[in-house]
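Trainee: Coordinates for the following, if possible.
(one chain, ligands or ions: 1)
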Amino acid sequence: MRQAGLHFLQIPGPSAVPGRILRAISAQTIDHRGPDFATVGKRALDGLKTIFRTDEHVIIYPASGTGAWEAALVNTLSPGDRVLMFETGHFATLWKKIAEKLQLKAEFIEGDWRGGADPDQIEARLAADKGHEIKAVCVVHNETSTGSVSPIAAVRKAMDAANHPALFMVDTISGLASLDYRHDEWGVDVTVSGSQKGLMLPPGISFNAVSKKALAAHKTAKLQRSYWDWADMLGPNATGYFPYTPSTNLLYGLNEAIDMLHEEGLENVFARHARHGTAARAAVRHWGLEVLCTQQGQESGVLTAVLMPEGHSADQFRASTLKHFNISLGNGLSKVADRVFRIGHLGDFNDLMLVATLAGVEMGLKKAGVPHSPGGVGAAMEVLHDLELKDMAAE
Ligand code: PLP
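Mentor: Residues are numbered from 1 along each chain as shown. Down below sits the predicted model:
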């Protein structure tokens with residue numbers, strides 16, 4: 001049956017695509033080798049640098065984030081190389097599985113899925129690697145399965161403190177354009193990201209931002225690569241073109257998205273996400289439910305993962321809220337399947353959308369008979385009000 005009114009797509013990506021971007025994407029596809037394309041391609045390649053905060057190259061692939069994960073590894077490493085990864089959650093685990101399929105020796109520092117990567121443990125492991133066998137450290141910035149953020153600048157410091165030459169690779173697929181991110185300043189060698197989260201685009205393109213050190217590693221890296229080869233991209237990219245057919249219409253959308261982010265101001269975008277995260281957590285705590293991330297200061301502004309009370313199915317709850325209130329919430333993945341639901345509050349999102357989202361969750365809890373104390377939405381509204389006053393006082 002048709003459901004009237006807005007569908008609330010509150011999964012932690014893909015995020016809802018704003019009308020301005022949909023309209024940009026709907027322009028006619030043009031010849032990607034013709035004279036007009038160079039302007040589109042150049043604008044996207046240069047514009048992305050301002051989002052990744054880098055003066056280095058950003059590669060654009062017509063692929064989902066998984067492709068950009070693989071690209072980061074195959075362009076820089078050789079078979080049998082050891083990579084150190086941190087088990088922040090489901091997505092860190094998937095990246096490790098790709099590394100293993102590529103015949104890298106992937107080593108996990110185990111985590112409990114309730115916080116970000118721990119720089120101290122990374123430093124200790126690197127300091128013990130006297131022979132510099134570890135060729136890369138891979139960390140997920142915003143772990144979308146848990147709602148925890150890894151302290152990327154601190155991991156860089158840990159690598160420097162251990163005086164270790166490994167490459168530093170970061171997945172900010174769900175962090176970019178929502179959370180503060182600085183590819184150059186934080187000394188990241190390969191940053192992996194995607195279109196369908198903070199960039200507000202549909203799924204379909206993904207990125208590698210690449211440092212000079214990563215480009216140097218690429219020259220001697222022996223893993224097989226063809227589609228993902230940075231070298232094939234960089235030549236045509238210099239004039240705004242691509243070696244094979246790019247996602248032309250998504251590039252129109254990307255250029256619009258970059259304009260929108262700068263019109264709002266990146267700092268304001270980050271503050272908005274942080275404020276919505278704080279308000280969402282206030283609602284969850286008021287309901288008497290548990291936020292999955294327990295590391296203070298590492299809670300995500302992109303999403304909030306919520307633990308269901310014992311004996312209640314997160315998936316049944318989500319199915320019920322979808323049916324009754326036309327809202328899609330994120331599911332619990334692998335280890336936390338059916339134990340957790342995730343509230344996305346990212347992308348083109350404002351206070352009223354957050355309040356409506358939380359109202360959907362609260363009404364859903366009641367409908368599904370999940371024990372909670374009503375009034376979480378009000379608690380979130382108080383936080384939104386207080387934080388706005390604090391921001392105004394700071395201006
Ligand atoms: N890494 C993170 C942190 C993600 O959130 C996702 C997808 O949600 C991926 C990697 C995989 O990206 P994709 O599903 O676009 O291939």
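Trainee: Tell me how far the residue lying closest to residue 273 once chain neighbours are set aside lies from residue 278.
Mentor: Leaving aside its sequence neighbours, residue 273 sits nearest to residue 301 (CB to CB, 6 or more residues apart in numbering; 3.5 Å). Where C-beta positions appear, they are placed from N, C-alpha and C, glycine not excepted. The spacing between residue 301 and residue 278, counted by CB to CB, to the nearest Å, is 8 Å.
Trainee: Neighbour count: these two, which is higher?
Mentor: Comparing residue 301 with residue 278 by neighbour count (other CB atoms under 10 Å), the higher total belongs to residue 301, at 26 against 17.
Trainee: Please list all residues in contact with the more buried one.
Mentor: 178-179, 270, 273-278, 345-346 (CB atoms under 8 Å, 6 or more residues apart in numbering).
Trainee: Most neighbours among those residues, which one?
Mentor: residue 178 (32 neighbours).
Trainee: quick check, it in a strand?
Mentor: No. Assigned with DSSP: H, G, I helix; E, B strand; the rest coil, residue 178 falls outside any strand and is coil.
Trainee: Residue 168 reaches residue 154, doesn't it?
Mentor: No. Contact criterion CB atoms under 8 Å: residue 168 and residue 154 do not qualify, at 11.9 Å.
Trainee: So between the two, which is more surrounded?
Mentor: residue 168 (24 against 17).
Trainee: Show me how far the helix or strand where that one lies is from its chain's centre.
Mentor: Element membership of residue 168, judged by DSSP states H and E, is strand 167-171. In terms of CA atoms, centre = their mean, to the nearest Å, the centre of strand 167-171 is found 14 Å from the chain centre.
Trainee: Say whether the ligand is contacted by that strand.
Mentor: Yes. Part of strand 167-171 sits near the ligand under the criterion CB under 6 Å from any ligand atom, namely residue 171.
Trainee: quick one, the helix or strand following that strand and strand 167-171 angle?
Mentor: As assigned by DSSP H and E, the chain's next helix or strand after strand 167-171 is strand 190-194. Strand 190-194 and strand 167-171 meet at an angle of 10 degrees, taking axes from the mean of the first three to the mean of the last three CA atoms, to 10 degrees as the criterion.
Trainee: any idea how far the ligand is from the residue nearest to residue 273?
Mentor: Distance of residue 301 to the ligand, computed by CB to the nearest ligand atom, to the nearest Å: 14 Å.
Trainee: can I assume that residue sits in a helix?
Mentor: No. Read with three-state DSSP, residue 301 is coil and lies in no helix.
Trainee: interface residues of the stretch 51-200 of the chain facing the ligand?
Mentor: Looking at the ligand, the residues of the stretch 51-200 of the chain close enough under CB under 6 Å from any ligand atom are 64-66, 91, 140, 144, 171, 173-174, 194.
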